[in-house]
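A.B. asks: Sharing a model prediction with you, sequence too.
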Amino acid sequence: MERPPLAPRQLPIPGRAARGLGTEALVRTELPAPGTTLPLVFRAVTPGVDATAWAGANREQVQAAIDRHGGVLLRGFGVGGAEELERFTSAVSGGALPYRERSSPRTQVAGRVYTSTDHPPDQPIFPHNEQSYNLTFPLKILFLCVTPAEEGGATPVADVREVYRLLDPELRRPFEEKGYMYVRNFGTGLGLSWRDAFQTDDPVEVEAYCRENRIDFEWRGPERLRTRQVRPAAALHPRTGEPVWFNHATFFHASTLDPRTRDVLLAALPEDELPNHTFYGDGSPIPPEVTDALRDAYARATVRFGWEAGDLLVLDNMLAAHARDPFRGPRRVLTAMADPCHWDGVAPVASPARA
C-alpha cells in the first residue's frame with residue numbers, strides 16, 4: 001500500500017495555527033525543514049500552554065498527525081521532567097510501559113520513565129525501532145529533552161516506510177520470506193548481563209519469559225546464556241496499512257559496529273558467540289552487500305533537528321526509527337514507551353511473486 005504523495009492541501013499550512021488543535025492563537029504547525037515532513041512541529045505561540053491538557057483535548061488530531069508524518073515534535077510548551085512526561089504519555093496513549101527484555105543500558109528515573117540511554121556519549125547509536133525484536137513491542141515512543149548537549153547529541157529519525165521503499169525487492173525477499181534471527185550471548189563480559197536484560201536474578205523466571213515469548217535459550221554455565229529469536233523484518237502498519245521496514249537486523253549485525261570494535265570482536269569470537277548478531281531467519285549469514293545496502297537506505301531516509309530544552313518528541317515506533325549522535329557536555333533526554341502491540345496482531349508483508 002503506497003502512501004499518497006504529500007500535497008499542500010493535505011497538510012496544515014506551516015506557520016499558521018492548527019485548526020481543530022486548540023485555540024488558533026495557542027499552537028501552530030511547522031515543517032521541521034524544507035523538504036522534510038518528519039517530525040511535524042506543533043509550536044506553542046502563547047506562553048503557558050499546558051502540553052498534557054492540550055494533547056489530551058486533541059488526542060485524535062495528534063494521532064492523525066503521527067499517522068501521517070511518523071511523529072510530532074511539541075516545541076515551546078516548556079515540558080518539565082519525568083513526572084510531566086509520564087502524565088503526557090497517559091494523555092496520548094494508554095499509559096507508559098515498563099522496559100522489559102532490555103538491550104540498552106538505561107536508568108529508571110521515575111515511574112515508567114527512563115533515561116533515553118546511558119550509552120557512552122562519544123559513540124553514535126544506529127537507527128532502530130524500539131524493541132522490534134520483542135514479541136510485544138511499544139507502538140509509541142516519546143523523548144523529552146530536559147538539557148540539550150553543548151555540541152551534537154541530536155536524535156535523528158528515519159521514516160521506515162521510506163527505508164522499505166528504498167530497498168530493492170530482491171533484497172527484501174529473503175527477509176520477508178524467512179524473517180531474521182537475533183542471537184544474544186550473555187555472560188561474556190561484554191554488553192548487558194542476563195540479569196539486567198531480563199530484570200531478574202532467577203533463571204527459572206528467565207526460562208519462563210523465553211518460553212512465553214518464543215525465544216530459544218541455552219544455558220552454557222551459571223552466568224552464560226545464549227538466546228535465539230526469529231522475528232519478521234517487515235510488516236503492514238496496523239493503523240495505516242503501509243509496509244514498514246521494522247526490525248533490528250541491521251542494528252545488531254556485527255558489521256554495523258565501528259570498525260575497530262568489530263575487528264577486535266571477530267578476531268576473538270565466532271559470529272554465533274558475539275554479544276549481539278543477526279542472521280536470516282533460517283540461521284544463514286546476511287551477506288556484506290546486503291548489510292551495506294541496508295545501512296545506505298537508513299542513511300538516505302534519516303533527518304536531523306536540533307534539540308531545545310522542553311522539546312517533546314512523539315514517534316510512532318513502527319513508522320519512524322530513531323538514533324543518537326555523539327555529543328559533548330551535559331545532555332539529559334528522557335524516554336517513555338506506550339501502546340503495546342503484539343507481533344501476532346500485525347499482518348506480514350507478502351513478497352511479490354517471482355517472474
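C.D. replies: That came through fine. Numbering: from 1, shown residues only.
A.B. asks: what's the burial count for R328?
C.D. replies: If you count neighbours by other Cβ atoms under 10 Å, R328 ends up with 12. Yep, even glycine has a C-beta here, placed from its N, CA and C like the rest.
A.B. asks: got it, and the one 10 residues further on?
C.D. replies: Other residues near A338 number 21, with proximity taken as other Cβ under 10 Å.
A.B. asks: Leaving out the residues flanking it, which one is nearest to it?
C.D. replies: Nearest residue to A338 in three dimensions, chain neighbours excluded: S93, at 3.6 Å (Cβ to Cβ, 6 or more residues apart in numbering).
A.B. asks: surely S90 meets E84?
C.D. replies: No - between S90 and E84 there is no contact under Cβ atoms under 8 Å: 10.9 Å.
A.B. asks: quick one: the residue nearest to A338 and G76, what's the gap?
C.D. replies: 22 Å (Cβ to Cβ, to the nearest Å).
A.B. asks: and if you look at E177?
C.D. replies: As judged by Cβ to Cβ, E177 and G76 stand 47 Å apart.
A.B. asks: More neighbours: the two, which one.
C.D. replies: Neighbour tally, E177 and G76, criterion other Cβ under 10 Å: the higher count belongs to G76, 19 against 14.
A.B. asks: domains of this structure?
C.D. replies: Per the record, the chain has its domains at 8-155+303-345, 163-297, by automatic domain parsing.
A.B. asks: what would those look like in JSON lines with mean pLDDT?
C.D. replies: Output for the domains of the chain, formatted as JSON lines (pLDDT from 0 to 100):
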{"stretch": "domain 8-155+303-345", "mean pLDDT": "86"}
{"stretch": "domain 163-297", "mean pLDDT": "94"}
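A.B. asks: Name the residues of the helix or strand containing R68 that are buried.
C.D. replies: Using DSSP states H and E, R68 sits within helix 59-69. Within helix 59-69, the residues that count as buried by 16 or more other Cβ atoms under 10 Å are Q61, V62, Q63, A65, I66, R68, H69.
A.B. asks: One more: stretch 277-292?
C.D. replies: For stretch 277-292, the neighbour count (16+ other Cβ under 10 Å) marks H277, T278, F279, Y280, G281, I286, V290, T291 as buried.
A.B. asks: just stretch 71-85 next, same as before
C.D. replies: By 16+ other Cβ under 10 Å, the buried positions in stretch 71-85 come out as G71, V72, L73, L74, R75, G76, F77, G78, V79, A82, E84, L85.
A.B. asks: quick one: secondary structure of the last one?
C.D. replies: In three-state terms, and counting by DSSP: H, G, I helix; E, B strand; the rest coil, L85 is helix.
A.B. asks: Can you give me the distance of it to G95?
C.D. replies: In terms of Cβ to Cβ, L85 sits 12 Å off from G95.
A.B. asks: what comes into contact with the helix or strand where F126 lies?
C.D. replies: Here F126 sits within strand 125-128, counting by DSSP H and E. With contact meaning Cβ atoms under 8 Å, 6 or more residues apart in numbering, strand 125-128 is reached by 117, 119, 156-158, 248, 250-251, 256, 295, 298, 302, 321-324.
A.B. asks: most neighbours, which of these?
C.D. replies: Taking other Cβ under 10 Å as the neighbour criterion, A321 ranks highest of those with 29 neighbours.
A.B. asks: residues in contact with that residue?
C.D. replies: Residues near A321 by Cβ under 8 Å, 6+ apart: P127, H128, N129, V157, A158, V160, V163, Y298.
A.B. asks: can you give me phi and psi for it?
C.D. replies: Main-chain torsions, A321, degrees, to the nearest 10: phi -90, psi 160.
A.B. asks: How about the one 4 residues further on?
C.D. replies: The phi/psi pair for D325 (degrees, to the nearest 10) reads phi -80, psi 150.
A.B. asks: Span of stretch 221-241 from start to end?
C.D. replies: In stretch 221-241, first residue to last residue: 45 Å (Cα to Cα, to the nearest Å).
A.B. asks: Only the buried residues of that stretch, if you could.
C.D. replies: Residues 225-237, 240 are the ones in stretch 221-241 that count as buried (16+ other Cβ under 10 Å).
A.B. asks: ok, now stretch 117-130?
C.D. replies: Buried positions in stretch 117-130, judged by neighbour count with 16+ other Cβ under 10 Å: P121, I125, F126, P127, H128, N129, E130.
A.B. asks: Distance of the fifth one relative to E205?
C.D. replies: Spelled out, that is H128. Look at H128 and E205: by Cβ to Cβ, they are 26 Å apart.
A.B. asks: what does the first one give?
C.D. replies: When Cβ to Cβ is applied, the distance between P121 and E205 equals 33 Å.
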